[in-house]
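>>> with the input below, show me the fold.
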Amino acid sequence: MGKTLTRAIDYIFKGIPKVNVKVDVGMVEPSNILKGKKILITGGGRGLGFAIAKKCVAEGAEVLICGRSSQTLEKAASELGDCLYSVFDVTDYEHIPSFVQECSRKLGGRIDVLVNNAGISLHEGSIYDVTLEGFDAQFGTNLKGPYFLSKAFLNNFKATGNSGGSIIFVTSERGLYCDDQPYGLTKAAVCSLTQGLARRALKDGVRVNAVAPGVTVSDMTGVDRNGNLFRPGTSGGRVLLPEEIAETVVFLISDASRSINGAIIPCNEGNHIRCDW
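Reported below is the predicted structural model:
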């Protein structure tokens, strides 16, 4: 009897086995690899954005986080220590150019790196559950906002005459598959934007890359980092921690990855790889 059939029979009669999974994050020791870089991170007050900001600060960068909640941002900036913050909603499209200019001023006259992290998911079950309002909300936050933030960042960067710039998009493993739900569709579009913009922006001294995490501990996913991280059906059998993704983001921001442009790096223990076994 094959292993797959044996497991199927066990699930039928015994249910999915309960496995308690805890994770220790492996980190690269801080070495000031981002010293001198000025970084703007959207959705930086919590979750993955906060983890990215924390790692960037530890690596010597000057960081400004933004988000919609002043209370969340103030608390995050206090925990991060040497960090600036600004209240801004990425769907306030009309004011994106002036917001980027203000962030540049706060960071001393330039922004070297934009991390497009802010995103939402309404977790619809299928196309039959999607509303027009929900569709627009997800496309606005996940695609339209990052698109015009990137445009404003590039205009600001070109005006300063600098080189060595970087844009990082936080997409998702959902963006690597076909989908009928707005969240996955926005992330697929972001993957396309990453590579299209990478070719366009390099001549202006800006590299563009993306990370595509699997299910990660966050308020959006509702997974408790102190609870059981077991997740059946994934290659690694667990939920990821935001600090793990932040390590990859910092590498992509750093000059150590200077040869990498237009990359979409899945951070999901190979869960996107489809096999016959």
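
>>> Leu185 contacts Asp179, doesn't it?
Yes: the pair formed by Leu185 and Asp179 meets the contact definition of CB atoms under 8 Å, at 5.7 Å. Placement of C-beta: from N, CA and C, glycine included.

>>> so between those two, which is more surrounded?
Leu185 (19 against 15; other CB atoms under 10 Å).

>>> show me which positions of the longest helix anywhere in the chain end up buried.
For the chain, the longest helix by residue count, based on DSSP state H, is helix 182-201. By 16 or more other CB atoms under 10 Å, the buried positions in helix 182-201 come out as 182-191, 193-195, 197-198, 201.

>>> likewise stretch 245-257?
245-254, 257.

>>> I'd say Gly60 and Ile39 touch.
No: taking contacts as CB under 8 Å, Gly60 lies outside contact range of Ile39: 10.7 Å.

>>> quick one, what contacts Gln101?
Counting by CB atoms under 8 Å, 6 or more residues apart in numbering, Gln101 touches Asn156.

>>> that one and Ala159, how far apart?
To Ala159, Gln101 is 9 Å away according to CB to CB, to the nearest Å.

>>> and Ser70, how many neighbours?
Ser70 has 12 nearby residues by other CB under 10 Å.

>>> now Thr216
Residues near Thr216, counting by other CB under 10 Å, number 24.

>>> from Ser257, how far off is it?
From Thr216 to Ser257 the distance is 21 Å (CB to CB).

>>> kindly report the same for Phe169.
From Phe169 to Ser257 the distance is 15 Å (CB to CB).

>>> so which of the buried residues of stretch 245-257 are in strands?
Among the buried residues of stretch 245-257, none falls in strands (DSSP state E).

>>> now, which of those lie within helices?
Using DSSP H, the buried residues of stretch 245-257 in helices are 245-253.

>>> between those residues, which is nearest Lys54?
Among those, Ala246 lies closest to Lys54 (CB to CB), at 7.1 Å.

>>> secondary structure class for the closest residue to Gly43 other than its chain neighbours?
What sits nearest to Gly43 in space, not counting adjacent residues and going by CB to CB, 6 or more residues apart in numbering, is Ala118, at 3.3 Å. Assigned state for Ala118: coil (three-state reduction, DSSP: H, G, I helix; E, B strand; the rest coil).

>>> Ala118 and Gly49 touch, don't they?
Yes: the criterion here is CB under 8 Å, and Ala118 meets it with Gly49 at 7.0 Å.

>>> mutual contacts of those two, please.
In contact with both Ala118 and Gly49: 42-43, 67, using CB under 8 Å, 6+ apart.

>>> ok, the ones in helices among the buried residues of stretch 245-257 vs Gly165, which is closest?
Nearest member of those to Gly165, counting by CB to CB, is Ile253, at 10.1 Å.

>>> what residues does the closest one make contact with?
So Ile253 contacts 34, 37, 39, 56, 61, 113, 115, 166, 168 (CB under 8 Å, 6+ apart).

>>> can you check Leu48 too?
By CB under 8 Å, 6+ apart, the neighbours of Leu48 are 117, 170, 213, 216, 218, 242, 245-246.

>>> and if we set it to 6 Å?
242, 245 (CB atoms under 6 Å, 6 or more residues apart in numbering).

>>> rewinding a little: relative to Ser78, which of the contacts of Ile253 is nearest.
Out of the contacts of Ile253, the member with the shortest distance to Ser78 (by CB to CB) is Cys56, at 16.4 Å.

>>> for that closest one, which three-state class applies?
helix.

>>> quick one: the strands in the stretch 51-200 of the chain, in order.
62-67, 83-87, 113-116, 165-170 (DSSP state E, counting those that start in this stretch).

>>> perfect, I'm done here.
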